[in-house]
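Trainee: take a look and give me a structure for this.
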Amino acid sequence: MADQVQELLDVPRAFFTDGMQFINKCQKPDKREFLKISQAVGVGFVVMGAVGFVVKLIHIPVNNILVGGA
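Mentor: Okay, here's the model as predicted:
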């Protein structure tokens, strides 16, 4: 019975240990890396916005044709 309790307690302990090792290895990005990441995110926003705009631009006339708009 004590072995089962010990095994049950080992899982969160191992998870916490692995998590602490991960946190200790992490480091803040330098200025150059941060700017690269920011640029990539900005380009992603612009591309997704353009795709959404084009889809909406095509969807409105097609929807009016199919529904038989006024």
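Trainee: from Val54, how far off is the residue most central in space within the chain?
Mentor: Centroid-nearest residue in the chain: Val41, 11.1 Å away (criterion: Cα atoms, centre = their mean). From Val41 across to Val54, the span is 21 Å (Cβ to Cβ, to the nearest Å). Quick note: C-beta positions are derived from backbone N, CA and C, even for glycine.
Trainee: residues in contact with Ile37?
Mentor: Neighbouring residues of Ile37 by Cβ atoms under 8 Å, 6 or more residues apart in numbering: Pro29.
Trainee: host element of it?
Mentor: For Ile37, the host element (DSSP states H and E) is helix 31-67.
Trainee: buried stuff in that helix?
Mentor: Within helix 31-67, no residue counts as buried by 16 or more other Cβ atoms under 10 Å.
Trainee: give me the mean pLDDT for it.
Mentor: The predicted model gives helix 31-67 an average pLDDT of 95.
Trainee: any idea how far that helix is from the chain center?
Mentor: What separates the centre of helix 31-67 from the centre of its chain is 17 Å, taken as Cα atoms, centre = their mean, to the nearest Å.
Trainee: if we can go back for a sec, how close does the residue nearest to the centre of the chain sit to Met48?
Mentor: When Val41 is compared with Met48 (using Cβ to Cβ), they lie 11 Å apart.
Trainee: what of Phe22?
Mentor: Separation of Phe22 from Met48 (Cβ to Cβ) stands at 30 Å.
Trainee: got it, and Val11?
Mentor: Taking Cβ to Cβ, one finds Val11 at 40 Å from Met48.
Trainee: try Leu35
Mentor: Taking Cβ to Cβ, one finds Leu35 at 20 Å from Met48.
Trainee: for Lys28, which three-state class applies?
Mentor: Classification of Lys28 by DSSP: H, G, I helix; E, B strand; the rest coil places it in coil.
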